[in-house]
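Asker: Sequence first, then the predicted structure, then my questions.
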Amino acid sequence: MPFANFDNLIVVEAILNDSIPVRLLLDSGAEGVIISDMNIVSRLESSCIKSFPIFAPGSKERLEACITRPFRISINRLGSIFTNLILLSEDYISLDQYIGSHIHGLIGMEKFRMMTITINYDRNMLKFTRPGSYIPPAGAEIIPLGIERGKPYMNARVQFDNGNIADLWLMIDSGANHPLLLEYDSLNDYKPEKYIDAIIGKSLAGNIEGSFARIRWLMLGNYRLDNVISSFTSTYMQGSINTKYQRNGTLGAETLSRFKVSFDYSTGRMILTKGMKYRRPFEYNMSGIIFRALGSGFSIFEVAEIIKGSPGDEAGIREGDILMTINNKPVFTMSLGELNGLLNTKAGEIIFMQFSREGKEVKAKIKLRRLI
């Protein structure tokens with residue numbers, strides 16, 4: 001089954017009750033089916049049977065939601081799943097803007113736990129196999145999983161920038177595009193020596209604040225990835241170390257995408273084989289400019305954030321500026337992913353930009369460089 005790939009996030013098409021088409025993010029770090037699009041929520045809220053609060057990463061605040069009676073969800077040729085839906089009272093995250101395409105919600109990978117799910121990021125394909133028929137590829141790395149409330153956890157090992165080596169317990173989160181996120185309160189007072197403060201991600205509660213830094217290496221079984229960019233935060237999931245499955249952080253899609261990955265919930269294992277991007281260096285936005293996509297076609301690119309001290313900051317680019325051209329080419333035919341790719345290509349590259357700011361033209365010339 002093909003999927004749409006947005007910066008390594010997996011989006012699948014589905015139909016609710018044979019009548020409502022939706023596009024859902026396939027998320028191993030989520031439970032159930034969550035609908036965030038307010039147009040669809042308004043059509044379905046009469047089916048709610050109970051309201052309740054939920055907590056989201058990056059916030060201590062409770063978000064309001066309701067749970068519906070069971071709905072039929074049809075995805076490609078998989079047949080139908082009958083499940084309750086969680087409807088958010090507000091679109092807290094505006095996920096569309098940061099993916100650059102219409103997304104109506106997300107579906108937890110645990111909804112397919114009776115199948116072995118193989119993700120081929122190189123071909124943008126999903127394969128579903130009955131567990132009894134699944135045979136791991138020759139030479140694959142088989143990693144045991146712990147499953148807690150439908151979410152997969154694994155052991156990994158890292159070496160930090162100070163040379164210390166640590167064994168970590170990580171939740172695997174295919175719905176987050178970071179390589180690795182670590183929670184400070186589980187790291188015995190460790191903090192990286194060189195880092196940049198930034199908004200490190202988005203959740204149902206909005207921005208997640210923290211910092212980016214590099215670790216020397218990350219071991220997944222016998223696979224070693226070097227100079228991995230890691231997110232560090234104290235606000236991702238407060239109190240997580242006090243839960244039954246106390247964790248150190250999450251392994252995200254930027255790392256998973258370097259492999260062909262199979263999740264076999266029935267036997268509690270993840271199977272990895274090297275993908276085409278296995279040896280690709282880990283890089284972070286070299287401009288320091290974070291864009292969001294607006295408009296019906298997601299072709300209006302507005303500056304959402306500027307990292308302090310970055311090339312974009314030094315060039316005088318401001319939040320709210322609208323990008324018109326890049327390297328003298330109009331951007332309205334580009335996708336957000338293509339734009340971000342240009343800003344993450346090669347240190348030393350010169351980028352020419354033209355913005356609209358309060359009706360005036362603003363030109364900027366920036367030289368890309370590694371911020372970490």
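Answerer: That came through fine.
Asker: what about the helices in the protein?
Answerer: With DSSP state H as the criterion, the chain has helices at 38-44, 95-99, 253-256, 311-314, 336-342.
Asker: By mean pLDDT, point me to the weakest helix or strand of the protein.
Answerer: The helix or strand of the chain with the poorest confidence is strand 196-203; it has a mean of 77 (mean pLDDT, DSSP states H and E).
Asker: Convert that strand to CSV, retaining C-alpha atoms only.
Answerer: Only the C-alpha atoms of strand 196-203 are listed here, as CSV (Å, rounded to 0.1, in the frame of the first residue of the first chain):
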residue,chain,number,x,y,z
ILE,A,196,21.1,25.6,20.5
ASP,A,197,17.8,26.6,22.1
ALA,A,198,14.8,26.3,19.8
ILE,A,199,11.3,25.0,19.3
ILE,A,200,12.1,21.3,18.9
GLY,A,201,8.7,20.0,17.7
LYS,A,202,5.0,20.2,17.7
SER,A,203,2.4,18.2,19.6
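Asker: List of residues touching that strand?
Answerer: Residues outside strand 196-203 that contact it (C-beta atoms under 8 Å, 6 or more residues apart in numbering): 56-59, 93, 95, 98, 176-178, 181, 207-213, 231-233, 290, 305, 307-309, 371-372. Yep, even glycine has a C-beta here, placed from its N, CA and C like the rest.
Asker: picking that back up, tell me which of the helices of the chain sits most buried.
Answerer: helix 253-256 (a mean of 24; mean count of other C-beta atoms under 10 Å).
Asker: Which positions in stretch 166-173 come out as buried?
Answerer: If you call a residue buried by 16 or more other C-beta atoms under 10 Å, then stretch 166-173 has these buried ones: 166, 168-173.
Asker: Then stretch 317-327?
Answerer: Neighbour count says stretch 317-327 has 317, 321-324, 326 buried, by 16+ other C-beta under 10 Å.
Asker: among these, which are in strands?
Answerer: Counted as lying in strands by DSSP state E, out of these, are 322-324, 326.
Asker: Looking at the buried residues of stretch 317-327, which one is closest to Gly341?
Answerer: Using C-beta to C-beta, Ile326 is the member of those that lies nearest Gly341, at 11.2 Å.
Asker: I'd assumed Glu338 was in contact with the closest one.
Answerer: No: using C-beta atoms under 8 Å, Ile326 makes no contact with Glu338, being 9.8 Å away.
Asker: what number of residues lie near the closest residue to Thr345 other than its chain neighbours?
Answerer: Excluding its sequence neighbours, the residue lying closest to Thr345 (C-beta to C-beta, 6 or more residues apart in numbering) is Leu368, at 7.0 Å. For Leu368, the neighbour count with other C-beta atoms under 10 Å is 23.
Asker: which ones are touching the closest residue to Ser211 other than its chain neighbours?
Answerer: Using C-beta to C-beta, 6+ apart and skipping residues adjacent in sequence, the residue nearest Ser211 is Tyr195, 4.2 Å away. Contacts for Tyr195 were tallied using C-beta under 8 Å, 6+ apart; they are 211-213, 232, 372.
Asker: Name the member of the residues you listed with the most neighbours.
Answerer: Most crowded among the contacts of Tyr195, counting by other C-beta under 10 Å, is Phe232 at 23 neighbours.
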